[in-house]
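> Here's a sequence, model it:
(4 chains, ligands or ions: 4)
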Amino acid sequence: MSAQPITLIEAITQALAYELRKDESVVVLGEDVGVNGGVFRATAGLSAQFGPERILDTPLDETTIAGLTVGMASQGMKPVAEAQFDGFMYPMVDFIICHAARMRYRTRGRLTCPMVLRVPWGGGIRAPEHHSEANEAIFTNVPGLRVVMPSSPQRAYGLLLAAIRDPDPVIYMEPKRIYRQYKELVPDDGEALPLDVCYVLRDGSDITLVTWGAQVKETLEAADALAKDGISAEVIDVATLTPLDFATIAESVAKTGRCVIVHEAAKTAGFGAEIAARVAEECLFDLLAPVERVTGYDTHIPLFRLEMKYLPSTDKIVAAAKRAMAYS
Amino acid sequence: MSAQPITLIEAITQALAYELRKDESVVVLGEDVGVNGGVFRATAGLSAQFGPERILDTPLDETTIAGLTVGMASQGMKPVAEAQFDGFMYPMVDFIICHAARMRYRTRGRLTCPMVLRVPWGGGIRAPEHHSEANEAIFTNVPGLRVVMPSSPQRAYGLLLAAIRDPDPVIYMEPKRIYRQYKELVPDDGEALPLDVCYVLRDGSDITLVTWGAQVKETLEAADALAKDGISAEVIDVATLTPLDFATIAESVAKTGRCVIVHEAAKTAGFGAEIAARVAEECLFDLLAPVERVTGYDTHIPLFRLEMKYLPSTDKIVAAAKRAMAYS
Amino acid sequence: MSTAAHFDIEYLQYLKPDGSLAGPLPPAVPDAASLLPIFKQMLFLRTFDGKAIALQRTGKLGTYAASLGHEATHVGIGYSMQPEDVLAPSYREYGAQFARGVLPRQVLLYWGGDERGNLLTGGPAHDYPWCVPISTQMLMASGAALSFKLRKQTKVAVAVCGDGGSSKTDFYAAVNSAGAFHLPLILCVVNNGWAISVPRKAQTGADTLAQKGIAGGLHCLQVDGNDIIAVLEGLRRAHERARNGEGGSVIEFITYRLHDHTTADDARRYRDDAEVKAAWEKEPFLRLRKFLTDQGVWDEAQEKAWLEDSGKRVDEEINAYLNTPVQPVEAMFDYLYAELPSELITQRTEAMAREHRA
Amino acid sequence: MSTAAHFDIEYLQYLKPDGSLAGPLPPAVPDAASLLPIFKQMLFLRTFDGKAIALQRTGKLGTYAASLGHEATHVGIGYSMQPEDVLAPSYREYGAQFARGVLPRQVLLYWGGDERGNLLTGGPAHDYPWCVPISTQMLMASGAALSFKLRKQTKVAVAVCGDGGSSKTDFYAAVNSAGAFHLPLILCVVNNGWAISVPRKAQTGADTLAQKGIAGGLHCLQVDGNDIIAVLEGLRRAHERARNGEGGSVIEFITYRLHDHTTADDARRYRDDAEVKAAWEKEPFLRLRKFLTDQGVWDEAQEKAWLEDSGKRVDEEINAYLNTPVQPVEAMFDYLYAELPSELITQRTEAMAREHRA
Ligand SMILES: Cc1ncc(C[n+]2csc(CCOP(=O)(O)OP(=O)(O)O)c2C)c(N)n1
Ligand SMILES: Cc1ncc(C[n+]2csc(CCOP(=O)(O)OP(=O)(O)O)c2C)c(N)n1
Ligand SMILES: [Mg+2]
Ligand SMILES: [Mg+2]
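Residues are numbered from 1 along each chain as shown, chains lettered A, B, ... in the order given. Ligands and ions are numbered 1, 2, ... in the order given. Now for the predicted structure:
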């Protein structure tokens, strides 16, 4: 039992170990997940503990990882696959869309695909090209999937347990920038968190800030900064992007009348668009100010010398919130 | 010169032939595009006219088609690749995102990727599985691309010429349901249409209907039906989804105060979300009614016995517009 | 200067196109009589195929992919498997599926635009559905085989693709992973000469499709796919290896697509009549009938009776198909998730209300 | 019953680890002296590598992928090419790039987080940039080769991946397409034993990586990648074939990764010291020095002078790198499209304004 506070990535390891112990149909697979324990150490120690038949190093091919995962899942196992970095997920898209998301649908429930695809996600760690991408939007227009992103050690643990136990495929994106940002007490009690709710991290009455993943930090900081100026911001961590719990967001916007959405993906057709669209559809008459999106620019995240200028910052969030507050 | 009216797919063939004649760096490649002339006959006659070195049948692998295309484009050719159906594009996503969309950016302009990927798109032709998908949203969050969709023979011709001549990669999605829906006079004059504008197909003052691709037909029909009830609908064909000409949409909504977006992709995080989000951000105080999206449901398009119930219909559009008209 | 590696690809043929034997029967076929049930399946399959095409031509079925000419390979694949094995077909191996118990009406439902075809009623519940994205089933089957190996189950995954499908990256990924993990996987490449309009030689520079298995260190074999004896023997060897933990195989079955690619295709646009005519000389059915007749285990009377019986059974299946009520609109939402998320319940309710209004 | 196909994979080694010759020099290497420029490049590369690692350790460079141990293969690949040929590297073939004229500062800029590294200043303008998504460059190079063939240009595309990279589906797609179109393509597989922590044997069941070319009917060859003579001779043959229209090749270069995967990796977690120690006995540099010294074309004084010169040149490059001003914020938007769309002009203006406020 972990009496010590742990980081987000340690919480992931803890959840994997818990479920590997509890459910023998769970296997972990990916590149370097075995003896090496993963390039981020997410699977550190698991090979020693569970052996190479539970923790599989695959050949270097993401198509292979995706295909094997779907094959195993559809024959009764619960594979937890890892894509080494966000930018290497693209070859997996075909299997995710054509098979994982449709196995149950296509076979009218005869076969299912209970799998998790874990992927270190997002920028801000001074990594090489393709190691810093926020590509969650690709999966959010795909029915049959769940797209989940934790933003704290506790949620990382609870949501990963839920993802593994979920009878359907889950894309579990891990904000790598906050892998080791801070520690939290995360009891290893096997308690999963629900995958169908947005988490209200801070109550507020003037404005609703909606975000997910690594930007939760900057958004909470922005709320602090706004508080100093007497502005009360409610902060929502979406956590499960799809299927979306819009009710929680709608309730908040009904209360505050203002909404700023923060994400690090490019703005155009990022998932923030869906939330803004829902607000325009369902909360129009609650709105006192235009919805704003604070996002990455509509360009690729640059190599690391400039990447922090690409990402949303506390400053940018505060500025957007203040613009919204100027309406009344 | 075609003095006869032609269909949308014939306009595509005509544009391909024009540009193959004009620019010898243009090549066409894909599965069955050669002697067979394409499964939809888009390349009919081109192999006979231009020979197998300009019209290449590839091995059966979409990854291969995408990779070869990027390789050729980055060495000075202008490949026009075909994905046989929408549902087979997914293996191309990696090359499109990692290479096509970044070649110029990554090399600071040293290498470029002037390519077109043509793909028959969308449902409604009673086809087998994976032959009826509306997956444009996948590409709209990717910077560096253009996503284009024609909706008439004339626009098919002009936009395809523009796509081939564009110095950057273009995803050109062809609404297969209207390939042969009606004919139009399309002079083979080599005149391209701009890729940076939305087309206002019908002027109106009460409500703005925004759509693209095959749904243009149902949307125009809805506008007719609404007119009978005294409602004046403006109809906009987005045509180039990204980079988006939002100004045209904003101008219309400023005038009408109401906006219904129609597309056949699943609703959540479909490209309609981006348009609705922009309206919420930039036209909030013009809005008299909540924005509505008339879209496919958030499920896979079913096999063909049920597909027409999945797709947006004239009825559904009219109903949404009338709901919007109830506000004033 | 020295040789790092060396490979041979064996070719199997026992029953020549004229119905005579090229040599002694292999272990897979103890005697002529043992081929009778398979022969009858082949005949049934041909009956089904013809009637399905007719159904499509009269507008009662969507696009249909015939299996004319592939009967020996398809039926042989199904017949060689154990019920607990897993079949991952492409979209035309009805012969294999019927051999596994699948009701023909399922095929019709599927091509008739109804997801319920994929229930594969009558067959093993763990078999994969038809697979439209070419060769993805090959890699999925490798995953299935990996799951067998990890759980120490004595089962074999059998996957089938075409000559075109052997160009697909997923096919290579299946070869590579089966080799890396030493899996009980049989990759069947049904080389029927064409991938829609693209001839076999345009797919690859390889002399055989079997040799693609060398890339992953798999057992490779090329067989005459119109010779049921070679088909069964090739598969017997591959199954034996798989069950003995000797790893995966690639088998190339050389056959010919006697029909258009599907009913949506017109092969006259791209292939010579002469080639098709020549292929009819080598097709799998006639040579087997000749052999069985020569061996005295089959005759015209038997054939007539069986054909009649087959026709009747196919008609029953067609009727069952035609009388299957269309799924209600809410079927669109069924089975999307184990439990429908609340947002989708709203959409489902809306769709149902719209339906009742209409 | 009969043999459908038969294959041999040849293995080349001329210079043994102890610096003695295994046989007569091949056509690629007329005499010892002809190796001198290459040897000097190898030495320069090792100097560069060491200093780049030091730079990373002191926080002046991002993650860096060393090429220690790969020098013969990398330099040989670059040296065998004509300027008009196209190189599609992965991320550590600086030796090949330097041979093509690329300034070392470009390498530092790239790993220093600056896109301008990919200008590859000094090298041929048509070469591909570094490629992070493993082996996608192999397939892209096949497309380049196809463009040469279609335009009847006598050029060769040379692409390089690792042992891990040879598992990637894109690699197989390159093999398949090069075979199908009979392309002037050379696929170089640098087998350094490891793909980060995954050993070569876990990648595939194939005995050699060279044999993967059989899957596409390509010319296949395995060479001692630490033997510069074998490297040059293998490449000479492949280039000759490519130029003569005889199609593509797969060459497996057997070498060893003497360093960690990158500076972000710690190889002690997963590999034995003993293995690394044994590999040092076979590395490419010492054997070549021994040979050249024995042949009387190299001596200690020359080496000292060259090392000094190399060190100075690398330091100059490092200074040039360190003194390169960071790109302005608007560089993020540059080169996204030939012409920036209006929406992006707005974003660019906003980003610049924010910058000036800050
Ligand atoms: C990924 C993908 N690309 C394209 C298609 C369209 N398509 C359907 S069948 C076919 C040809 C298949 O040829 P082959 O693999 O030889 O099988 P055969 O039909 O001859 O049995 C093609 C290109 C598809 N279904 N999936
Ligand atoms: C598609 C993709 N997946 C994963 C990675 C992460 N990664 C970078 S290098 C590497 C190992 C490469 O091994 P190998 O091909 O043998 O080349 P080497 O580094 O040994 O030269 C991995 C897995 C990547 N860059 N691209
Ligand atoms: Mg075929
Ligand atoms: Mg390696």
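
> C-alpha only now, for contacts and for neighbours.
Noted.

> Quick one: neighbours of C:His356, just the number.
Look at C:His356: counted by other CA atoms under 10 Å in any protein chain shown, it has 8 neighbours.

> Identify the spatial nearest neighbour of A:Phe139, chain neighbours not counted.
A:Val147 (7.1 Å; CA to CA, 6 or more residues apart in numbering or on different chains).

> Enumerate every residue touching that neighbour.
A:Glu136, A:Phe139, A:Thr140, A:Val170, A:Ile171, A:Tyr172, A:Met173, A:Thr240, A:Leu241, A:Thr242, A:Pro243 (CA atoms under 8 Å, 6 or more residues apart in numbering or on different chains).

> ok, now with 7 Å
A:Val147 makes contact with A:Thr140, A:Val170, A:Ile171, A:Tyr172, A:Thr240, A:Leu241, A:Thr242, according to CA atoms under 7 Å, 6 or more residues apart in numbering or on different chains.

> and the first one, how many residues sit next to it?
Burial of A:Thr140 is recorded as 26 neighbouring residues (other CA under 10 Å).

> The contacts of A:Val147 in strands, which ones?
Within these, residues falling in strands by DSSP state E are A:Val170, A:Ile171, A:Tyr172, A:Thr240, A:Leu241, A:Thr242.

> Could you give the bridge partners of the third one?
The reference is to A:Tyr172. A:Arg118, A:Val148 (DSSP bridges).

> For ligand 4, give me its nearest residue in the stretch 51-200 of chain A.
Relative to ligand 4, the nearest point of the stretch 51-200 of chain A is A:Leu60 (10.2 Å; CA to the ion).

> is it fair to say that residue lies in a helix?
No: counting by DSSP: H, G, I helix; E, B strand; the rest coil, A:Leu60 falls outside a helix, being coil.

> In a helix, A:Pro79, correct?
No: read with three-state DSSP, A:Pro79 is strand and lies in no helix.

> Wait, it touches A:Glu24, no?
No: counting by CA atoms under 7 Å, A:Pro79 stays clear of A:Glu24, with 10.5 Å between them.

> Give me the mean pLDDT for the strand ranked longest in chain C.
Across chain C, the longest stretch assigned as strand under DSSP E is strand C:2-12. Across strand C:2-12, pLDDT averages out at 96.

> Against which helices or strands is the next helix or strand after it packed?
For strand C:2-12, the following helix or strand on the C-terminal side (DSSP states H and E) is helix C:36-57. If you count contacts as 3 or more CA pairs under 7 Å, 6 or more residues apart in numbering or on different chains; DSSP states H and E, helix C:36-57 packs onto helix C:71-79, helix C:300-322.

> Ok, which of those helices comes nearest ligand 2?
Of all the helices and strands packed on helix C:36-57, the one in closest proximity to ligand 2, counting by CA to the nearest ligand atom, is helix C:71-79 (35.1 Å).

> Surely C:Glu233 is in contact with C:Leu25?
No: using CA under 7 Å, C:Glu233 is not in contact with C:Leu25; the gap is 9.2 Å.

> Any regions of the stretch 1-150 of chain C where pLDDT drops low?
The stretch 1-150 of chain C contains residues with pLDDT under 70 at C:1.

> how about the residues of it that lie near chain B?
Neighbours of chain B within the stretch 1-150 of chain C, by CA under 7 Å from any CA of the partner chain: C:Thr63, C:Trp111, C:Gly113, C:Asp114, C:Glu115, C:Val132, C:Pro133.

> Just the ones of these in strands?
Per DSSP E, strands hold no members of the residues of the stretch 1-150 of chain C next to chain B.

> now, which of those lie close to chain A?
Applying CA under 7 Å from any CA to the residues of the stretch 1-150 of chain C next to chain B, those adjacent to chain A are C:Glu115.

> burial of the nearest residue to C:Arg46 once chain neighbours are set aside, as a residue count?
Closest residue to C:Arg46 apart from its sequence neighbours, by CA to CA, 6+ apart: C:Leu68 at 6.6 Å. C:Leu68 has 20 neighbours, counted by other CA under 10 Å.

> my guess is C:Leu68 contacts C:Thr255, does it?
No: using CA under 7 Å as the test, C:Leu68 is too far from C:Thr255 to be in contact (10.3 Å).

> need the contact list for C:Ile77.
C:Ala96.

> quick one, what contacts A:Glu221?
A:Thr314.

> how much space between it and ligand 3?
60 Å (CA to the ion, to the nearest Å).

> Any buried residues in the helix or strand hosting that residue, and which?
Take DSSP H and E as the rule and A:Glu221 turns out to sit in helix A:215-228. Residues of helix A:215-228 classed as buried by neighbour count (16 or more other CA atoms under 10 Å in any protein chain shown): A:Gln215, A:Val216, A:Lys217, A:Glu218, A:Thr219, A:Leu220, A:Glu221, A:Ala222, A:Ala223, A:Asp224, A:Ala225, A:Leu226.

> Quick one: distance of that helix to the chain centre.
19 Å (CA atoms, centre = their mean, to the nearest Å).

> try stretch C:344-355
On CA atoms, centre = their mean, the centre of stretch C:344-355 falls 39 Å from the chain's centre.

> burial count for the residue in the stretch 101-250 of chain A positioned nearest to ligand 3?
Residue nearest to ligand 3 within the stretch 101-250 of chain A (CA to the ion): A:Arg106, separated by 24.5 Å. Using other CA under 10 Å, A:Arg106 has 27 neighbouring residues.

> show me the contacts for it.
C:Glu115, C:Asn118.

> That one and A:Gly144: what is the separation?
Distance of A:Arg106 to A:Gly144, computed by CA to CA, to the nearest Å: 11 Å.

> what about C:Ala305, how many neighbours?
Neighbours of C:Ala305 (other CA under 10 Å): 11.

> For it, give me the pLDDT.
For C:Ala305, the model assigns a pLDDT of 98.

> any idea how far chain D is from it?
37 Å (CA to the nearest CA, to the nearest Å).

> Can you tell me, leaving aside adjacent residues, what's nearest to A:Glu184?
Leaving aside its sequence neighbours, A:Glu184 sits nearest to A:Pro5 (CA to CA, 6+ apart; 4.5 Å).

> residue of the stretch 1-150 of chain A with the smallest distance to ligand 2?
Closest contact between the stretch 1-150 of chain A and ligand 2, by CA to the nearest ligand atom, is at A:Phe88 (4.7 Å).

> Show the contacting residues for that residue.
D:Pro133.

> pLDDT at it, what is it?
So A:Phe88 comes in at 98 (pLDDT).

> do the same with C:Glu355
89.

> Repeat that for C:Ala358.
70.

> dump the residue contacts of residue 69.
You didn't pick a chain, so chain A it is. A:Pro79, A:Ala81, C:Gly143.

> To clarify, I was referring to chain C.
So C:Gly69 contacts C:Thr255, C:Tyr256, C:Arg257, C:Leu258, C:Glu283, C:Pro284 (CA under 7 Å, 6+ apart).

> Fine, thanks again, bye for now.
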